[in-house]
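> structure of the sequence below:
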Amino acid sequence: MDEDVKTFVDECEKDSISEFKRVDDICEANSRKVLEAFHKANISEACFGGTTGYGYNDLGREKIEEVYKEIFKSEDSLVRTQFISGTHALTVTLFGLLRPGDILLSISGKPYDTLDEVIGIVDNSSSLKSFGIKYSEIDLIDDDFDYASIGDYLKGNKVKVIEIQRSKGYSTRKSISIEKLEKIISYIKEIDQEVIIMIDNCYCEFVSYKEPIEIGADIVVGSLIKNLGGGIASNGAYVVGRKDLIKLVSERLTVPGEGKEVGPTLGVNKSILQGLFMAPSVVNASLKTAILTSRAMEKLGYMVEPKYNDERVDIVQNIIFNNENNLVTFTRGIQASSPIDSNALVEPWDMPGYSDKVVMASGSFTQGSSIELSCDGPIRPPYIAYMQGSLTYHYGKLALINTLKKLKKDKI
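Next comes the predicted model:
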């Protein structure tokens, strides 16, 4: 049985060679981008030191933000361990940019579940809604932007911030490519030059040749326990974009009048820099793991998105099981193949910020890290597993083999 599964996966690997070459080319380009940014910022061993207390004059922190600014081609950046997650960074950014009476418009449908109470979609006395900030959303049509509805809304309302979530979250839509993003940004700016276009870039960094600032976005947000942390950064997030906007966000994170000048790094500068240096390769490993999984699961008769030979926009791979038992079994297989807590039997449970029970496999070195191999999904039809990450391709391949053995044993 075991050899049959391995032979099957090896065959799927051979099917994927041309797709592997495509993501290798992107990895090389992004590796060059990172290395050149390190050189331009003159990163030295002195940058590894950290500060305590207020964090004044933190050389490493300043150099890290210089590197991020260069990589993203932005005017400024904010890279801080004081952000506890990507959701926290998005929240701070929204509260930094919006004021009572302003309008926030999402044009990629409803954002990720953890923002429901931030926005006020679900009542919370600390939400944007509770501060008098209005919210509207426009769904995608056939996995692309609804240009007519967006145009009509912008012409009839003075929108302060447009939020676009590139990755699919827990929806069934496709993630949003750089090409589609560039087209909609150009369209929006023709209507209103003043509107702030904010991109949730989580799971998408280094998957493509370009990043959103390069094609006209005003501000971009992401997490360091996803792509750009490279599996080494233990927490944190980044915000990059226009200098005036970064100032507003930094003063919401820390203190008005102090902004970026404060924030101790407490000895983590080396791990942030080293994680960023490794990030193109780790993203590459995650993409290859996703490609292989997609090919294998499709050949076994499951619906997958994206397919193994589709363009990749993020590191997330969907497997659609159409029943709860199959979803849970697959997730348990990923957990059992993890380096940490492999003996844990995952169960669906209520999680803060989610409206449905969630089943989650995350046997990771960093709690909640989704650049490490992980898998999760809400317990609701059509029972989709959202798999992402893998620090190396070979560990990802081994996890797939072990999970398929479990599926075969359970005759699913």
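> can you count the residues close to residue 192?
Residue 192 has 15 neighbouring residues, counting by other CB atoms under 10 Å. C-beta here means a position set from N, CA and C on the backbone, and glycine is covered the same way.
> output stretch 183-190 in PDB with nothing but the alpha carbons.
Extracted C-alpha coordinates of stretch 183-190, given in PDB (Å, rounded to 0.1, in the frame of the first residue of the first chain):
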ATOM      1  CA  LYS A 183      -6.400  46.900 -14.400                       C
ATOM      2  CA  ILE A 184      -8.900  47.800 -11.600                       C
ATOM      3  CA  ILE A 185      -6.500  50.200  -9.900                       C
ATOM      4  CA  SER A 186      -6.100  52.100 -13.200                       C
ATOM      5  CA  TYR A 187      -9.900  52.100 -13.600                       C
ATOM      6  CA  ILE A 188     -10.500  53.500 -10.100                       C
ATOM      7  CA  LYS A 189      -7.900  56.200 -10.400                       C
ATOM      8  CA  GLU A 190      -9.500  57.500 -13.600                       C
END
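> how far away from the center of its chain is that stretch?
23 Å (CA atoms, centre = their mean, to the nearest Å).
> avg pLDDT for that stretch?
Per-residue pLDDT over stretch 183-190 has a mean of 98.
> buried set for it?
184-185, 188 (16 or more other CB atoms under 10 Å).
> any regions of this protein where pLDDT drops low?
Low-confidence segments of the chain (pLDDT under 70): 1-2, 353, 411-412.
> now do 80
1-3, 352-355, 409-412 (pLDDT under 80).
> name the residue closest to the centre of it, please.
What sits nearest the mean C-alpha location of the chain, by CA atoms, centre = their mean, is residue 202, with 1.9 Å.
> wouldn't that one be in contact with residue 225 here?
No - the pair residue 202 / residue 225 is not scored as a contact, 9.9 Å apart, by CB atoms under 8 Å.
> overlap in contacts of those two?
In terms of CB atoms under 8 Å, 6 or more residues apart in numbering, residue 202 and residue 225 are both contacted by the residues residue 86.
> on that earlier part again, would TSV of the buried residues of stretch 183-190 with secondary structure be doable?
Listed next are these as TSV, based on DSSP: H, G, I helix; E, B strand; the rest coil:
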residue	secondary structure
184	helix
185	helix
188	helix
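> which parts of the stretch 151-300 of the chain are strands?
Secondary structure of the stretch 151-300 of the chain (DSSP state E, counting those that start in this stretch): strands at 161-165, 196-200, 219-223, 237-241.
> now residue 249: closest residue in space, sequence neighbours ignored.
Among residues not flanking residue 249 along the chain, residue 96 sits closest, at 4.0 Å (CB to CB, 6 or more residues apart in numbering).
> doesn't that neighbour belong to a helix?
Yes - under three-state DSSP, residue 96 sits within a helix.
> mind listing what it touches?
245, 248-253.
> switch to 7 Å and redo it
Applying CB atoms under 7 Å, 6 or more residues apart in numbering, we find residue 96 in contact with 248-249, 252.
> remind me, longest helix of the chain?
As assigned by DSSP state H, the longest helix anywhere in the chain is helix 269-299.
> the nearest residue to the residue nearest to the centre of the chain once chain neighbours are set aside - how many residues pack around it?
Using CB to CB, 6+ apart and skipping residues adjacent in sequence, the residue nearest residue 202 is residue 86, 4.7 Å away. Residue neighbour count, defined by other CB under 10 Å, stands at 25 for residue 86.
> okay but residue 86 is in contact with residue 220, surely?
No - using CB atoms under 7 Å, residue 86 is not in contact with residue 220, being 11.5 Å away.
> what angle separates the helix or strand harbouring residue 68 from helix 269-299?
Residue 68 is part of helix 59-72 when elements are defined by DSSP states H and E. Taking axes from the mean of the first three to the mean of the last three CA atoms, to 10 degrees, one finds helix 59-72 and helix 269-299 inclined to each other by 40 degrees.
> please consider this matter closed, and thank you.
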